[in-house]
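**Student:** No letters, just coordinates:
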């Protein structure tokens, strides 16, 4: 069961890498050429090119790519290294929960500061919620000694 969960996390991480890569491309695209701009409220441009789209000069989408890559690598390593799987799964859960906290904060910024929603960001939020839930589940299974 744990292996199935870790494989699902890897698949979610791959989806996150693709999503974040497209968001990164949107970050650097000329304004108003985004394929996910529906109107002023549903707009990748409004979010991905705002002052909140970078942290310490790094695009949030780029940080997302690195985060999803790390999550996928942790899950893959936990599958292949049974001796250290317990520690890796706990680290995976902590990272997923941290990423979820950041994603929820950024969603707050979208809704209440920018008054715009980015469909790519919402997809990332869904992916990281699912990842966090599965990582917690994997931690619980490992704690109980179930592989």
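**Tutor:** Received, thanks. Since the model is a prediction, treat every value here as computed from it, not as a measurement.
**Student:** How far off centre is the one helix or strand in the chain whose mean pLDDT sits lowest?
**Tutor:** Between all helices and strands in the chain, the lowest mean by mean pLDDT, DSSP states H and E belongs to helix 44-48, at a mean of 89. Relative to its parent chain, helix 44-48 has a centroid offset of 17 Å by CA atoms, centre = their mean, to the nearest Å.
**Student:** tell me what that helix is packed against?
**Tutor:** Contacts defined by 3 or more CB pairs under 8 Å, 6 or more residues apart in numbering; DSSP states H and E place helix 44-48 against helix 2-28, helix 119-143. Heads up, the C-betas are built off the backbone N, CA and C, glycines and all.
**Student:** and after that helix, which helix or strand comes next?
**Tutor:** Where DSSP states H and E defines the elements, the next helix or strand beyond helix 44-48 is strand 54-55.
**Student:** mean confidence score for that next one?
**Tutor:** The pLDDT scores in strand 54-55 average 94.
**Student:** From residue 47, how far off is the residue nearest the centre of the chain?
**Tutor:** Of all residues in the chain, the one closest to the mean position by CA atoms, centre = their mean is residue 128, 4.5 Å from it. Applying CB to CB, to the nearest Å, the value for residue 128 to residue 47 is 16 Å.
**Student:** Kindly report the same for residue 120.
**Tutor:** Per CB to CB, residue 120 is found 8 Å from residue 47.
**Student:** The two: which is more packed in?
**Tutor:** Between residue 120 and residue 47, counted using other CB atoms under 10 Å, residue 47 has the larger neighbour count: 27 against 23.
**Student:** Would you confirm that that one contacts residue 110?
**Tutor:** Yes. If you go by CB atoms under 8 Å, residue 47 and residue 110 touch, sitting 5.7 Å apart.
**Student:** Find the residues that touch each one of those two.
**Tutor:** 116, 117, 118, 121 (CB atoms under 8 Å, 6 or more residues apart in numbering).
**Student:** Surely the third one touches residue 50?
**Tutor:** Yep, that's residue 118 we're talking about. No. In this structure, residue 118 is not within contact of residue 50 by CB under 8 Å, at 9.5 Å.
**Student:** what pLDDT does residue 33 get?
**Tutor:** Note for residue 33: predicted pLDDT of 73.
**Student:** which residues touch it?
**Tutor:** residue 45.
**Student:** and it, what element?
**Tutor:** Assigned by DSSP H and E, residue 33 falls within no helix or strand.
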